[in-house]
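1. take a look and give me a structure for this.
(one chain, ligands or ions: 1)
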Amino acid sequence: MSTMQKSDAASFAVAATRSTPAHMMGTYARADLVFERGEGAWLYTVDGRKFLDFGSGIAVNSLGHANPKLVAALHEQAQKLWHVSNVYRIGEGESLADKLCALTFADRVFFTNSGAEALECAIKTARKYHHASGHPERYRLITFEGAFHGRTLATIAAGGQAKYLEGFGPAMPGFDQVPVGDRKALEAAIGPETAGILVEPIQGEGGVRSISNEDLRYFREICDKNGLLLVLDEVQTGVGRTGKLFAHEWAGIAPDIMAVAKGIGGGFPVGACLATEEAAKGMVPGTHGSTYGGNPLAMAVAGAVIDEVGTPEFLARVREVSRDLNQRLAELKASHPDIVEDIRGSGLLIGIKCKVPNTEFVAAGREAGILTVGAGDNVVRLLPPLNIGETEIREAYERLDKACAALEKKLGAA
Ligand SMILES: *Cc1c(COP(=O)(O)O)cnc(C)c1O
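-> Residues are numbered from 1 along each chain as shown. Just a heads-up that it's a prediction; the model follows:
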């Protein structure tokens with residue numbers, strides 16, 4: 001049940017009856033749905049409708065809505081301490097950093113409030129490393145076409161997508177973009193000013209396009225050969241999403257620096273930049289900071305997420321559920337060949353490449369009671385909570401099947 005006070009509930013209900021938001025900046029093309037509460041993989045609107053949430057925000061609610069363990073962690077911390085400045089030690093953050101470093105390649109962590117901020121820290125850490133190594137001229141990062149790294153001025157420059165850069169003045173310098181899979185272009189882009197390679201193991205926003213394990217291993221080699229840093233953006237692929245704690249583990253490599261966010265907070269805003277001791281050597285007192293980054297509330301919730309997701313049993317279960325869901329999706333493709341072109345992705349980061357416009361697929365899914373997320377390359381993403389089971393897989397299949405049937409009917413009528 002909602003725990004809102006009556007007056008809040010009343011003003012919320014008034015806002016929810018409007019057909020469009022009156023005073024929100026118009027940056028989003030929002031679906032006209034107002035949710036009141038969630039439970040596991042289910043979301044409930046103010047007008048009593050129920051949706052199966054296979055978007056999880058966008059890969060954020062890794063343990064579903066209102067997960068009792070996360071609610072308890074937040075509640076417990078909320079009664080003790082909300083905020084202290086980073087001029088003091090924050091125990092909850094130190095404990096989470098210990099956990100993350102025990103589970104990964106990393107020795108050092110900087111906590112942020114979002115993915116883009118984690119990327120900002122990763123980019124600054126990479127540049128500062130070379131500065132501290134006596135090479136201040138090495139500040140450029142090689143990035144990839146179709147990438148998405150966030151919406152700050154530096155991260156839109158890193159992503160290099162015209163649609164996000166347009167109208168915001170000159171792009172921030174320091175990024176050289178090459179096509180995915182083009183080793184010649186990559187090697188040609190390496191120069192005396194190159195600091196490293198920045199890459200998502202699977203391009204999420206770009207359309208669930210995987211970088212092959214061979215390419216990831218090749219990036220590691222080329223970085224080692226040229227004294228470059230390998231910087232991974234695991235904001236979407238990390239924290240169990242692909243069935244390993246981090247996607248790069250599938251390739252058997254480790255980065256020097258890694259940006260994490262989305263799933264690590266399970267819905268509480270938190271991000272992290274992880275680095276090796278060596279890569280983080282330039283990040284000394286005064287070089288970086290954040291008022292809210294590493295806030296005790298965020299640290300307590302993220303700690304509870306990592307306790308749950310960071311076990312071999314949990315990750316094995318994600319891989320198992322992924323196999324079952326992919327089996328059903330293969331059936332979906334076979335029975336709707338005019339709608340579904342292909343199924344791609346890894347773990348529970350799944351892309352349905354559509355033959356109809358992906359916006360229509362997402363809308364038809366909504367009509368059928370399942371929430372999905374669009375992506376580039378005419379793909380629809382399925383990003384369910386990592387702890388779904390047989391019931392949710394069956395319900396998802398039934399709803400997607402219904403959505404595909406409705407789309408077919410529309411095609412037939414056209
Ligand atoms: C979402 C995302 C970001 C940006 O995260 P925000 O929390 O929205 O700033 C960066 N990189 C990738 C790969 C993402 O999916």
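
2. same for the host helix or strand of Thr155, what does it pack against?
-> Assessed by DSSP states H and E, Thr155 sits inside helix 153-159. Judged by 3 or more CB pairs under 8 Å, 6 or more residues apart in numbering; DSSP states H and E, the packing partners of helix 153-159 are helix 115-132, strand 140-144, helix 162-165. For glycine as for every other residue, the C-beta is placed from the backbone atoms N, C-alpha and C.

3. closest to the ligand out of those?
-> The ligand lies closest, by CB to the nearest ligand atom, to one member of these: helix 115-132, at 2.2 Å.

4. alongside the ligand, which residues does the stretch 151-300 of the chain contribute?
-> Proximity of the stretch 151-300 of the chain to the ligand, by CB under 6 Å from any ligand atom, involves residues 200, 204-205, 233, 235-236, 261-262.

5. which ones among those residues lie within strands?
-> Asp233 (DSSP state E).

6. now the residues of the stretch 151-300 of the chain next to the ligand: which count as buried?
-> Taking 16 or more other CB atoms under 10 Å as the criterion, what is buried in these is 200, 204-205, 233, 235-236, 261-262.

7. which pair in the residues you listed spans the largest distance?
-> Within those, two members stand farthest from each other by CB to CB: Glu205 and Ala261, at 13.3 Å.

8. now the helix holding Thr155 - C-alpha only, PDB.
-> In PDB, the C-alpha atoms belonging to helix 153-159 read as follows (Å, rounded to 0.1, in the frame of the first residue of the first chain):
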ATOM      1  CA  LEU A 153      28.500  17.900 -22.100                       C
ATOM      2  CA  ALA A 154      31.500  15.600 -21.800                       C
ATOM      3  CA  THR A 155      29.400  12.400 -22.200                       C
ATOM      4  CA  ILE A 156      27.500  13.600 -25.300                       C
ATOM      5  CA  ALA A 157      30.800  14.400 -26.800                       C
ATOM      6  CA  ALA A 158      32.100  10.900 -25.900                       C
ATOM      7  CA  GLY A 159      28.900   9.300 -27.400                       C
END
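
9. contacts for that helix?
-> Outside helix 153-159, the residues that touch it by CB atoms under 8 Å, 6 or more residues apart in numbering are 116, 119-120, 123, 141, 143, 147-150, 164-165, 168, 171-175, 198.

10. make a PyMOL selection of the buried ones in the residues you listed.
-> Typed into PyMOL, the next command selects the buried ones out of the contacts of helix 153-159 (criterion: 16+ other CB under 10 Å):
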select buried, resi 116+119+120+123+141+143+147+148+149+150+164+165+171+172+174+175+198
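
11. got any ranges where the stretch 1-150 of the chain has weak pLDDT?
-> Within the stretch 1-150 of the chain, the stretches with pLDDT under 70 are 1-19.

12. show me the strands in it, by range?
-> 35-39, 42-45, 50-53, 108-112, 140-144 (DSSP state E, counting those that start in this stretch).

13. out of those strands, flag the one nearest Leu383.
-> The nearest among the strands of the stretch 1-150 of the chain, by CB to CB, is strand 50-53 at 9.2 Å.

14. that closest one: how far from the chain's middle?
-> Offset of strand 50-53 from its chain centre (CA atoms, centre = their mean, to the nearest Å): 20 Å.

15. now Asp377: which helix or strand?
-> Asp377 belongs to no helix or strand, assigned by DSSP H and E.

16. part of a helix, is Asp401?
-> Yes: under DSSP: H, G, I helix; E, B strand; the rest coil, Asp401 falls within a helix.

17. any idea how many residues pack against Gly115?
-> Residues lying near Gly115 (other CB atoms under 10 Å) number 30.

18. repeat that for Lys410.
-> 13.

19. residue nearest the centroid of this protein?
-> Taking CA atoms, centre = their mean, the centroid of the chain lies closest to Gln236, which sits 2.3 Å from it.

20. hmm, Val60 and it touching each other?
-> No: contact criterion CB atoms under 8 Å: Gln236 and Val60 do not qualify, at 9.5 Å.

21. anything in contact with each of the two?
-> Contact criterion CB under 8 Å, 6+ apart; residues shared by Gln236 and Val60: Lys262.

22. now do the same for the nearest residue in space to Ala405 that is not next to it in sequence: its pLDDT.
-> Nearest residue to Ala405, sequence neighbours excluded (CB to CB, 6 or more residues apart in numbering): His336, at 7.6 Å. At His336, the model reports a pLDDT of 98.

23. run a quick neighbour tally on His336.
-> Look at His336: counted by other CB under 10 Å, it has 18 neighbours.

24. just to check, Gly304 is in contact with Ala73?
-> One correction, residue 304 is Ala, not Gly. Yes: with contact defined as CB under 8 Å, Ala304 reaches Ala73; the gap is 3.8 Å.

25. hey, where'd the helices end up in the stretch 151-300 of the chain?
-> Counting by DSSP state H, counting those that start in this stretch, the segments of the stretch 151-300 of the chain that form helices are 153-159, 162-165, 183-189, 213-226, 296-309.

26. leaving out the residues flanking it, which one is nearest to Gly150?
-> Spatial nearest neighbour of Gly150, chain neighbours left out: Ala116 (2.8 Å); criterion: CB to CB, 6+ apart.

27. equivalent analysis for Glu200, please.
-> Closest to Glu200 by CB to CB, 6+ apart is Asp233, at 4.5 Å.

28. for the ligand, see how far away Ser85 is.
-> The spacing between Ser85 and the ligand, counted by CB to the nearest ligand atom, to the nearest Å, is 23 Å.

29. what about Thr104, how many neighbours?
-> Residues near Thr104, counting by other CB under 10 Å, number 22.

30. kindly report the same for Ala154.
-> By other CB under 10 Å, the residues close to Ala154 number 18.

31. cool, Thr291 as well?
-> Thr291 has 10 nearby residues by other CB under 10 Å.
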